[in-house]
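**Q** When you get a sec, could you give me coordinates for this:
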Amino acid sequence: MNSCTVLIAVTALANGVELIFSNDKDFEKIAKVSNLKIEILRKK
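**A** Numbers count the residues shown, from 1 in each chain. Next up, the predicted model:
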């Protein structure tokens, strides 16, 4: 897992963000252990 992904997730949670849209599947791992919801964007 990239440290930047963790930093983005922590910053989002600290600022009340409930949902992140990303194409980075590492956020799915973070969502399993936090209140953060993730919507993975699929490339066509």
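
**Q** tally of neighbours for Ala31?
**A** Neighbourhood size, Ala31 [other C-beta atoms under 10 Å]: 17. (Each C-beta comes from the backbone N, C-alpha and C, glycine too.)

**Q** Give me the distance between it and Ile40.
**A** As judged by C-beta to C-beta, to the nearest Å, Ala31 and Ile40 stand 10 Å apart.

**Q** Run through the residues that contact the closest residue to Leu19 other than its chain neighbours.
**A** Among residues not flanking Leu19 along the chain, Lys37 sits closest, at 4.6 Å (C-beta to C-beta, 6 or more residues apart in numbering). Shown in contact with Lys37 (C-beta atoms under 8 Å, 6 or more residues apart in numbering): Glu18, Leu19, Ile20, Ala31.

**Q** For Leu7, see how far away Glu28 is.
**A** The spacing between Glu28 and Leu7, counted by C-beta to C-beta, is 17 Å.

**Q** just Arg42 next, same as before
**A** Per C-beta to C-beta, Arg42 is found 24 Å from Leu7.

**Q** So between these two, which is more surrounded?
**A** Shown here are Arg42 and Leu7; by other C-beta under 10 Å, Leu7 has more neighbours (10 against 5).

**Q** one step back: the contacts of Lys37: which two are farthest apart?
**A** Within the contacts of Lys37, Glu18 and Ala31 form the most distant pair, 10.9 Å apart (C-beta to C-beta).

**Q** avg pLDDT for the strand or helix carrying Val10?
**A** If you go by DSSP states H and E, Val10 is part of helix 3-14. Averaging pLDDT along helix 3-14 gives 96.
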